[in-house]
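Asks: A predicted structure for the sequence below; I have some questions about it.
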Amino acid sequence: MVAWSEQERSIIANLFSNLDYEDVGAKALTRCLIVYPWTQRYFGGFGNLYNAEAIKMNPNIAAHGVKILHGLDRALKNMDNIKETYAELSVLHSEKLHVDPDNFKLLSDVLTIVIAAKLGTDFTPEVQATFQKFLAVVVSALGKQYQ
Amino acid sequence: MSILAAREDTEKSENSNSRDFLLLDAMLSKKEKKLIREIWERLTPVAEHIGSDALLRMFASYPGTKTYFAHLDISPGSTHLFNHGKKIVMAIAEGAHNISDLMSTLAPLQILHAYQLRIDPTNFKLFSHCMLVTLAVYLGDEFTAVAHAAMDKYLSAFAAVLAEKYR
């Protein structure tokens, strides 16, 4: 089980309570598809991904980005039990969606950068380290059921 | 890394250098090179702030990286940290000035890293990520997805060139 200090719990709670899911979720997924174009392989049915402009204006991608971001809520609510919390989603990503788990790290890096752009200097090195720890635990849990 | 894959022999020759230049040129479009060049030109006046910020982020998120700095004072605001951060940013900015020439621009730093510093190249990825975060913090919305993509490619290429003489 992962250990969280009071400070870390507070940083994570704070970050999510001020999060604009509609904005950040959409931006994170579109940015991931632009910065790491091979990730587009999972979005064949989502419409026009022809270039950066098209991806940014694609409503399906935006909506899906929000959905993914809300997927982090369950970790937020179960910080002491993240591995078990994501068992079902891990099976889904492996068995049904067939997503290479390396992609989770790509998206989490991009999400970090989108939030950094939004929060500016409030996204201190300490906040970044805590957020990255949180994401790393989620990423690890999501990859756990792959076999 | 395609640049390294193209080098079949390790002997320096004009031909193999120009092949590498071509690969690096192919990775980045004219537009991307311009974007990268402009961003670093804007940031050179605050090089020590950008550099120290990225380093501090790296030390906070990846404590193992601090082992390379046991001989310096890397506390926030220290002179050592500013100087070192500035050094790194100026090298990245110089490379950005003429990306096609990256191999020759970085030749002295290649020797330094391979034979003296011997920093494990995994750390270059960690630093690059933190530099992207710093750029996002300082440039906000201006650090667009397209700029991010270009910068990520440039920093990857920079790191690969830096590690090129390791073995």
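Replies: Structure received.

Asks: And B:Ala107, how far from A:Asn58?
Replies: According to Cβ to Cβ, to the nearest Å, B:Ala107 and A:Asn58 sit 44 Å apart. For every residue, glycine as well, the C-beta is placed using N, CA and C.

Asks: Also A:Leu49?
Replies: Per Cβ to Cβ, A:Leu49 is found 7 Å from A:Asn58.

Asks: How about A:Gly143?
Replies: Distance of A:Gly143 to A:Asn58, given as Cβ to Cβ: 27 Å.

Asks: quick revisit: when A:Leu49 and A:Asn58 are compared, which one has more neighbours?
Replies: Taking other Cβ atoms under 10 Å in any protein chain shown, A:Leu49 and A:Asn58 do not tie; A:Asn58 has more neighbours (22 against 18).

Asks: pLDDT wise, what is that one at?
Replies: Per-residue confidence (pLDDT) for A:Asn58: 98.

Asks: try B:Ala6
Replies: pLDDT, B:Ala6: 40.

Asks: how about the host helix or strand of A:Ala63, does it get close to chain B?
Replies: Secondary structure assignment for A:Ala63, by DSSP states H and E: helix A:59-70. No: using Cβ under 8 Å from any Cβ of the partner chain, helix A:59-70 never reaches chain B; the gap is at least 11.9 Å.

Asks: Dump the C-alpha coordinates for that helix into CSV.
Replies: Presented in CSV, the C-alpha positions along helix A:59-70 are these (Å, rounded to 0.1, in the frame of the first residue of the first chain):
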residue,chain,number,x,y,z
PRO,A,59,-16.0,17.4,-29.8
ASN,A,60,-15.8,13.6,-29.3
ILE,A,61,-12.2,13.8,-28.2
ALA,A,62,-13.0,16.7,-25.9
ALA,A,63,-15.8,14.7,-24.3
HIS,A,64,-13.7,11.7,-23.9
GLY,A,65,-10.9,13.6,-22.3
VAL,A,66,-13.3,14.8,-19.7
LYS,A,67,-14.5,11.3,-19.1
ILE,A,68,-10.9,10.1,-18.6
LEU,A,69,-10.1,12.9,-16.2
HIS,A,70,-13.2,12.0,-14.1
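
Asks: Figure out how far the next helix or strand after it is from the centre of its chain.
Replies: Following helix A:59-70 in sequence order, the next helix or strand is helix A:73-77 (DSSP H and E). Distance, stretch centre to chain centre, for helix A:73-77: 12 Å (Cα atoms, centre = their mean, to the nearest Å).

Asks: Tell me where the model's unsure across chain A.
Replies: Across chain A, nothing is flagged by pLDDT under 70.
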